[in-house]
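>>> Need coordinates for the below:
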Amino acid sequence: MNEYDSSRMAGLMKKAYGLRLVASPEDADVLLLNTCSVREKAEEKVYSELGRFRKIKKDRPDIIIGVGGCVAQQEGERIQKRAPYVDLVFGTQTYHKLPELVNQIRRERVNITALDMPEIEKFDHLPQPEAKGISAFVTIMEGCDKFCTYCVVPYTRGHEISRPVEDVLAECRCLLAQGVVEITLLGQNVNSYKFTLGNGTVCDFASLLYQVAELDGLKRLRFTTSHPLDMSENMIRAFVEIPELMPFLHLPVQSGSDRILKRMHRGHKRAQYLETIEALRKARPDIALSSDFIVGFPGETEADFEQTLDLVRQIGFDSAYCFKYSPRPHTPATRMKETVSEEVKDERLQRLLALMREQSQQALKAQLNKTVEVLVERRSRTREDMQGRTPDFKIVHFTGKPRLLGQLMPVHITKAYGQSLRGEPILA
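Numbers count the residues shown, from 1 in each chain. As a prediction, the model looks like this:
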């Protein structure tokens, strides 16, 4: 989502002032730091980067420095108190005001903090999106109403707000007209998307998927991120009925222990998650699954952690994001006293990562000697090859020419590496 927001900020500044992106901070007239506060030490990383910017500001006092995103929303005026050379602090719902805020700073030489959270107003003020390749992101909703006890998102992104259906479709059409062939729909919890139409009917996320899939030029459709509570039967059916919807799902579970899930305020139990996975695999046997896990949550015992390992073994994920618990500002979990030591967190994380590496390698090796359809995305970084992804989101390298970009190519898989595959293209 930050990647999407950053691209829209760049579009705003280009339209308003003709500014273009530069490769080095030293060459910029405006330095914007877009931030995320989900992970540990996010705030300190921001101040560390601002330390680099301070040196640039010292040499070029007219340069404008802005901090946006979730850390900005969370820290607010504290950023400028600690780093007074920062000209602008803007929140997650105010970046559409960047041109006028920058203009005010240039005109009045003032520092500004803009942290309003109007209801998704920003999308009405953004310029047409510019495609940066054959794949693109489109935000369909923001915020979250789940209030998991460890998560800062509801406090930095606000409550769930869904964009109008036609606005989403219009943005998708604009990108497809520029040569995009794959679209990923974004949201903190995309499958809670709901928008009431003029006739009073409600368009839910499954309905939106069907409508996006019908757009001319779309070859592949993906979405992220989902919550298990909102995985409806209609969404599962969509994986069967929509050819463009790729067989890959990122469905965070966080823990395999019902006791910890309750402390996390996840709203579902282990059995419900397993039932959802069973229904998905019954409907779409080739679906690849990814998830999120937090180890060392306050009160997690060895028995709780073993239940997480058991869940992973039982399901067999293709990939996962695994993190040690870290307290985030304003969240209820920071007040929980049954903390887990860093040493135990480290040890558990390594055990989980070892299991996940094993499962990821198995998923890659399962592709050997198969012919899969690959969407050619870019040149490979390491050699004169092309790179693309399978329908289930695995990276494939193969010998090819740049003219293949954007095409769907049958590729015979010959090797499985640590995190990717290699194959031979089957040319017509």
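
>>> hey, where'd the strands end up in the stretch 201-350 of the chain?
202-204, 220-224, 248-250, 288-295, 319-324 (DSSP state E, counting those that start in this stretch).

>>> and those strands, which is most packed in?
strand 248-250 (a mean of 24; mean count of other C-beta atoms under 10 Å). Using the backbone N, CA and C atoms, a C-beta is placed for each residue, glycine as well.

>>> which strands and helices sit next to it?
strand 288-295 (3 or more C-beta pairs under 8 Å, 6 or more residues apart in numbering; DSSP states H and E).

>>> angle of the strand it packs on against strand 319-324?
Angle, strand 288-295 to strand 319-324, by axes from the mean of the first three to the mean of the last three C-alpha atoms, to 10 degrees: 10 degrees.

>>> what's in contact with strand 288-295?
150, 247-255, 264, 277, 280, 305, 308, 312, 315-325, 345, 348-349, 352, 363, 392-394 (C-beta atoms under 8 Å, 6 or more residues apart in numbering).

>>> and the angle from the helix or strand that contains V168 to strand 220-224?
Following DSSP states H and E, one finds V168 within helix 165-177. On the basis of the same axes, to 10 degrees, helix 165-177 is oriented at 130 degrees to strand 220-224.

>>> List of residues touching the helix or strand following helix 165-177?
Using DSSP H and E, the helix or strand that directly follows helix 165-177 along the chain is strand 182-186. Contact with strand 182-186 is made by 1, 4, 134-140, 168, 172, 175-176, 208-209, 212, 218-224, 375, as judged by C-beta under 8 Å, 6+ apart.

>>> Apply 6 Å and report the result again.
The contact list for strand 182-186 (C-beta atoms under 6 Å, 6 or more residues apart in numbering) reads 1, 4, 135-140, 172, 220-223.

>>> Just checking: what are the partner strands of that strand?
When pairing is defined by DSSP bridges, strand 182-186 lines up against strand 135-139 (parallel), strand 220-224 (parallel).

>>> hang on, the earlier thing: can you tell me which of the strands of the stretch 201-350 of the chain comes nearest to A16?
strand 220-224 (30.2 Å; C-beta to C-beta).

>>> Spatially nearest residue to Y193, not counting backbone neighbours?
Leaving out its chain neighbours, the residue that sits closest to Y193 by C-beta to C-beta, 6 or more residues apart in numbering is F205, at 4.1 Å.

>>> Give the burial count for G296, as a bare number.
Neighbour count for G296, taken as other C-beta atoms under 10 Å: 22.

>>> which residue sits closest to it, ignoring its sequence neighbours?
Using C-beta to C-beta, 6+ apart, the closest residue to G296 is K345 (3.4 Å).

>>> swap in G423?
Spatial nearest neighbour of G423, excluding adjacent residues (C-beta to C-beta, 6+ apart): V411 at 3.9 Å.

>>> In a helix, the one you found, correct?
No - looking at V411 with DSSP: H, G, I helix; E, B strand; the rest coil, it is strand, so not inside a helix.

>>> That one: what's it in contact with?
372, 374, 396, 398, 423, 425 are the contacts of V411 under C-beta under 6 Å, 6+ apart.

>>> Put the buried members of the contacts of strand 288-295 into a ChimeraX selection.
With 16 or more other C-beta atoms under 10 Å as the burial test, the buried ones among the contacts of strand 288-295 are selected in ChimeraX as follows:
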select :150,247,248,249,250,251,252,253,254,255,264,277,280,305,308,312,315,317,318,319,320,322,323,324,325,345,348,349,352,363,392,393,394
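
>>> quick one: the nearest residue to V152 once chain neighbours are set aside from H250, how far?
Excluding the flanking residues, the one nearest V152 by C-beta to C-beta, 6+ apart is R328, at 4.1 Å. Going from R328 to H250 by C-beta to C-beta, to the nearest Å gives 21 Å.

>>> got it, and E182?
From E182 to H250 the distance is 16 Å (C-beta to C-beta).

>>> before we move on, what about P25?
Taking C-beta to C-beta, one finds P25 at 32 Å from H250.
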